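Need a 3D model of the following:
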Amino acid sequence: MGNQASKVLDKAKDKKKKTQLQQRRRSTITLENRSLGSHVSHGNYDWIDQNELTTLSDGALTAALEAARTPSHHPASNNNSNSSNDTPPSRPPRRKSITEYFTKRRPSTTRPTTLFSDFDFKEFDRWQRQHYLLKSARKANAWAPFYNDGDKDVVILDVGTGNGIWALEMANQYPSVQVLGLDRLLPNDPNGPENLRFCPLDITESWPMSDNAVNFIFQRSMCDTIKQADWRPLLAEMYRVLKPGGYIELIENDFWRHNPGPVQRAFDAFIQEQCKTNGVDFQLTESLEGMIKTCGFEEIDKKTMDIPLGEWPTEQELKQFGFINKEAHKALLKNHKDTYIKQWGLSSADYDLAVQEVLEEFDEYHSFTRFHCWVARKPL
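Just a heads-up that it's a prediction; the model follows:
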């Protein structure tokens with residue numbers, strides 16, 4: 001894989017020299033003997049209008065980000081953040097709002113230093129960006145109809161809670177609901193709401209709760225963490241603890257980027273190799289629905305969401321989603337730099353060049369990330 005990466009980077013360096021001080025050429029690049037125009041997919045953006053929760057509304061993204069900037073006890077953020085407290089105009093420039101929010105975030109200084117590394121803090125911050133990307137795109141933290149006004153004794157599980165931001169927001173949104181986050185490493189947030197708790201747990205092992213105990217189970221972005229052999233037992237455990245009539249909601253994205261450029265293809269090929277080595281299902285998004293059905297769930301509703309990488313869309317809201325998504329991918333590549341340069345045998349400078357090439361390719365090739373959301377119900 002290292003030799004392949006080196007070849008791709010050598011070509012990238014040659015191109016960099018030829019195009020220095022000139023506009024980056026866009027129409028002559030080929031990929032596997034196919035021209036740029038012949039391999040581009042326009043993606044699926046119908047999901048925006050398929051559900052009333054995701055209908056485009058004027059200023060919806062700005063509103064979501066401004067709400068996120070309101071001081072609160074975020075498990076992975078510092079309450080003394082440098083976010084601007086100035087009252088924004090009614091329709092502020094979207095790019096400015098997003099840039100200010102993400103560049104001025106700081107990781108929490110209250111976490112035990114013995115448990116969390118600098119890498120963990122950087123990943124928590126990246127997860128935070130992805131959380132607000134999905135929340136803004138979906139116009140909601142959850143699509144499953146798990147709650148009706150007046151419901152009592154409702155319990156929600158956030159499986160693989162990570163930095164805990166989803167669990168925190170759900171606890172604040174539904175103060176009468178009990179929210180429990182499960183993960184091996186947990187947020188340190190002593191000032192969270194009373195209806196929010198966290199339980200240290202390897203989610204691939206048996207959960208410490210009785211059968212038919214919870215109303216709603218949420219899980220996202222675990223495709224690179226859960227091994228292929230663990231998915232069926234995990235879904236069976238969800239089925240066991242879920243009350244009859246209760247819902248699960250799972251969100252995963254394809255491991256590979258759609259409409260990739262040549263350098264991104266090298267990264268994707270490496271990820272595929274790593275998945276095979278680590279026993280992770282590279283094609284999980286194509287097999288997960290079948291496993292959900294096999295475990296006994298019914299009324300399976302799947303939505304596919306293509307979110308741009310970069311600001312290439314003409315529609316303004318998609319452009320902003322693309323900006324956030326690109327920034328999150330940039331953080332991903334930088335956070336995992338040590339792994340790549342070790343596996344590929346690259347210098348730090350060469351890796352930085354590769355990352356820059358990928359970021360440029362996103363806009364050049366109209367790349368996007370494909371997210372899949374499954375909502376399913378346990379029979380009554």
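
Give me the contacts around the helix or strand in which H372 is found.
H372 is part of strand 368-377 when elements are defined by DSSP states H and E. With Cβ atoms under 8 Å, 6 or more residues apart in numbering as the test, strand 368-377 has contacts from 43-44, 134, 138, 143-144, 245-254, 257-259, 285, 288-289, 292, 297-309, 322, 325, 329. The C-beta positions use only the backbone N, C-alpha and C, and glycine is treated the same way.

ditto for stretch 192-199
Outside of stretch 192-199, the residues within contact range by Cβ under 8 Å, 6+ apart are 73, 75, 161, 164, 167-168, 171-172, 174-183, 186-187, 208.

Repeat the analysis, applying 7 Å as the threshold.
Residues outside stretch 192-199 that contact it (Cβ atoms under 7 Å, 6 or more residues apart in numbering): 73, 161, 164, 167-168, 171-172, 175, 177-182, 186-187.

separation between E357 and T314?
Separation of E357 from T314 (Cβ to Cβ, to the nearest Å): 24 Å.

for L359, that is, sorry about that
Distance from L359 to T314, by Cβ to Cβ: 20 Å.

Looking at those two, which is more packed in?
Using other Cβ atoms under 10 Å as the criterion, L359 and T314 rank with L359 on top: 19 against 7.

which non-adjacent residue is nearest the more buried one?
Distances taken as Cβ to Cβ, 6 or more residues apart in numbering put K330 closest to L359, at 6.0 Å, once the chain neighbours are dropped.

tally of neighbours for that neighbour?
Look at K330: counted by other Cβ under 10 Å, it has 18 neighbours.

Could you check how far it is from D281?
Counting by Cβ to Cβ, the gap from K330 to D281 is 26 Å.

which parts of the strand holding H372 are buried?
Under the neighbour-count criterion of 16 or more other Cβ atoms under 10 Å, strand 368-377 has F368, T369, R370, F371, H372, C373, W374, V375, A376, R377 buried.

any low-confidence regions in the stretch 151-300 of the chain?
Across the stretch 151-300 of the chain, the ranges flagged by pLDDT under 70 are 188-190.

and with 50 instead?
Within the stretch 151-300 of the chain, no stretch has pLDDT under 50.

Show me how to select, in ChimeraX, the buried members of the contacts of strand 368-377.
Here is the ChimeraX selection string for the buried members of the contacts of strand 368-377, based on 16+ other Cβ under 10 Å:
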select :43,134,138,143,144,246,247,248,249,250,251,252,253,254,257,258,259,285,288,289,292,297,303,305,306,307,308,309,322,325,329
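
how long is stretch 233-247 from one end to the other?
Distance between the two ends of stretch 233-247: 17 Å, counting by Cα to Cα, to the nearest Å.

One more: stretch 161-176?
20 Å.

can you pull out the strands in the stretch 51-200 of the chain?
155-159, 178-183, 196-200 (DSSP state E, counting those that start in this stretch).

out of the ones you listed, nearest to L346?
Closest to L346 of the strands of the stretch 51-200 of the chain is strand 178-183 (Cβ to Cβ; 32.2 Å).

Which neighbouring elements make contact with the closest one?
strand 155-159, helix 165-173, strand 196-200 (3 or more Cβ pairs under 7 Å, 6 or more residues apart in numbering; DSSP states H and E).

what's the closest of those to L235?
Ranking the helices and strands packed on strand 178-183 by their distance to L235 (criterion: Cβ to Cβ) puts strand 155-159 first, at 10.6 Å.

Summarise which helices and strands the closest one is packed against.
If contacts are counted by 3+ Cβ pairs under 7 Å, 6+ apart, strand 155-159 sits against helix 165-173, strand 178-183, strand 214-220.

what are the pairing partners of the last one, and which direction each?
Put plainly, it is strand 214-220. The strands beside strand 214-220 in its sheet (DSSP bridges) come out as strand 155-159 (parallel), strand 242-253 (parallel).

Format those as JSON lines; extra columns: distance to Q228.
As requested, the strands paired with strand 214-220 are arranged in JSON lines below (distance: least, Cβ to Cβ, whole Å):
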{"stretch": "strand 155-159", "distance to Q228": "17"}
{"stretch": "strand 242-253", "distance to Q228": "13"}
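
Figure out which of the ones you listed is closest to D363.
strand 242-253 (19.4 Å).

Just after the closest one, pick out the following helix or strand.
Next along the chain from strand 242-253, counting by DSSP H and E, comes helix 262-278.

Pass me the low-pLDDT residue ranges in the stretch 1-150 of the chain, would you?
Using pLDDT under 50, the flagged stretches of the stretch 1-150 of the chain are 17-39, 51-114.

Flag every buried residue along the helix or strand harbouring I341.
Here I341, judged by DSSP H and E, is contained in helix 337-344. Buried positions in helix 337-344, judged by neighbour count with 16+ other Cβ under 10 Å: Y340, I341, W344.

and the end-to-end length of stretch 324-344?
One end of stretch 324-344 sits 28 Å from the other (Cα to Cα).

for the record, mean pLDDT for it?
Average pLDDT, stretch 324-344: 91.

Equivalent analysis for stretch 301-313, please.
Summarised as a single mean, pLDDT over stretch 301-313 is 95.
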